[in-house]
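Student: Just the structure for this:
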Amino acid sequence: MKKDQNMDQRFKDALSTPPSFDYDPEAWAAVEERLKQARRKPAGVFLPGWAAGLAVLLLFGLCGFTSYLSIRLNRAERQLARAEARFNQRADTVWLVKDHYIYDTVNIHGWQQPAMQSAGNWTRRFPIFQPGAFSSSGVAALSAGKRRLDDSTKAGLPGRLPILQRFGEEENTTFHPELSRTAPVARLPRADAPTPGSLNPSPPPFPAIAGQKSSAASWLRRTAHQTLKRSKPQGLALMASGSIANVFSMPGTSFSSYILGIGGELGYGPHWKVEAGLELLHLSFELYQEDNIHEYPSLMPDNPSDGLQELYVRLEYLQLPFAVKYFFAGQGSMRPYLKAGAVLRQARRQDFNFEFAGPSGPYYRPLSIREDSFYLSSLRGGPGLALGITRNWGLFAEALLNYDHRLGKNDHTLMRYLSFNAGLQFR
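Tutor: Numbers count the residues shown, from 1 in each chain. The predicted structure follows:
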């Protein structure tokens, strides 16, 4: 029992007189190495970080290729359906209608001579043959009563018509020795034959076109119509792309960034094109220096005496780019171009992970910020090259400089970066 009571005294003596711990360089180097390993982020298990961008790019390419195959198959199916429909159609019955006209022949030698069949009021139907209607016998040659029926007249006739026999009248001709030559022959229709005027009546005369004075309203309408006609795009192309960005305006280490995008392109002539799309910008990095950390949101530690050692930042933005392209070559498989435009940005997700150093060791406190409004953030421009592979498919590559000119509501530093973009195009 006495031994147990003295045990407490031994502990008190050991704590009151602690042994001296000398500096050990090897032990201190081992501790620093363990701290460095703890700060490193674990690498990917199977694939590196850029494999996600490559997978999305391949997915868009596969979707575009399957869409192209489905369009071609649907077009071939429609052509086969039309050919089958024409093959199964019954042949229509076509009636051949022949029109035979019966007429008399009268020779005129300078004076009027009546025909043998003169039934009907021919002066009403053919006023040109009235006495004194012409002064020369040559006019009679142009007044033949032979005229074919048009399609509208044939539609009212029956399917089969009896064959009409042509017959002619003997000429009642008296030659005079004082006439040096024979006058032309005129052909007169019979009285019971349909007249050309009754078969195909002359259309009413066209109304006179009144001249309209040009006004400001009509000029505006014409100008608006021409502008809309010129603004109609001549071609449409779909694009899918991926980019790597080199952010040179932001401090930090261990940068990781990529841009994934889809979009469309409207062509206006061989040289000008307008582009619009949707992009996802991912950016992650680490900050160690206190001068750079204070630009970002702050978070209080659990203990006021704990210090901030490191800040892990992960940013994701949605971007709506609008750009204009000018192609130096109107045609060809390789077409260099210049591109300039603006970008609307939305801070979709901002994650911050604060590392504090406490008495019991480092600990982490996360902070997330969401923002749902778009704002005009930056301008971009640079050269590019379009390469045609087939009639509908092509590749493109471009180097773009993105320059932020303003900060958003929850932005903390201007992003100015150089991106190298490459993708697939379907026309």
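Student: Low-confidence ranges, this protein, go.
Tutor: Scanning the chain for pLDDT under 70 picks out 1-5, 40-52, 89-94, 104-217, 225, 227-231, 372.
Student: Please identify the buried residues of the helix of greatest length in it?
Tutor: In the chain, taking DSSP state H as the definition, the longest helix is helix 51-88. By neighbour count with 16 or more other Cβ atoms under 10 Å, helix 51-88 contains the buried residues 53, 56, 57, 60, 64. To be clear about C-beta, it is placed using only N, CA and C from the backbone, and glycine gets the same treatment.
Student: neighbours around the nearest residue to residue 376 once chain neighbours are set aside, how many?
Tutor: Distance criterion Cβ to Cβ, 6 or more residues apart in numbering; nearest residue to residue 376, sequence neighbours excluded, is residue 344 at 5.8 Å. Per other Cβ atoms under 10 Å, the neighbour tally for residue 344 reads 14.
Student: Just the buried residues of the helix or strand containing residue 344, please?
Tutor: Using DSSP states H and E, residue 344 falls within strand 334-358. Going by neighbour count (16+ other Cβ under 10 Å), the buried part of strand 334-358 is 335, 337, 339, 341, 343, 345-347, 350, 352-356.
Student: Ok, stretch 281-295 next?
Tutor: Buried-residue list, stretch 281-295, by 16+ other Cβ under 10 Å: 281, 282, 283, 284, 285, 286, 287, 293.
Student: follow-up on the earlier one: ok, of the buried residues of strand 334-358, which one's closest to residue 312?
Tutor: The shortest gap between residue 312 and any of the buried residues of strand 334-358 belongs to residue 353, at 4.0 Å (Cβ to Cβ).
Student: you'd agree that closest one is up against residue 366?
Tutor: Yes: using Cβ atoms under 8 Å, residue 353 is in contact with residue 366, at 5.2 Å.
Student: if we can go back for a sec, got the buried residues of helix 51-88 as CSV, with distance to residue 39 columns?
Tutor: Below are the buried residues of helix 51-88 laid out as CSV (distance: Cβ to Cβ, whole Å):
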residue, distance to residue 39
53, 26
56, 30
57, 32
60, 36
64, 43
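Student: now, which of these sits nearest residue 379?
Tutor: The nearest one, if we look at these relative to residue 379 and count by Cβ to Cβ, is residue 53, at 24.0 Å.
Student: and that closest one, how far is that from residue 278?
Tutor: 15 Å (Cβ to Cβ, to the nearest Å).
Student: what's the answer for residue 287, then?
Tutor: For residue 287, the distance to residue 278 equals 30 Å [Cβ to Cβ].
Student: Which of the buried residues of stretch 281-295 fall in strands?
Tutor: 281, 282, 283, 284, 285, 286, 287 (DSSP state E).
Student: closest to residue 330 among those?
Tutor: Distances from residue 330 to those, taken by Cβ to Cβ, are shortest for residue 281, at 33.3 Å.
Student: Quick check: closest non-adjacent residue to the closest one.
Tutor: Among residues not flanking residue 281 along the chain, residue 317 sits closest, at 4.3 Å (Cβ to Cβ, 6+ apart).
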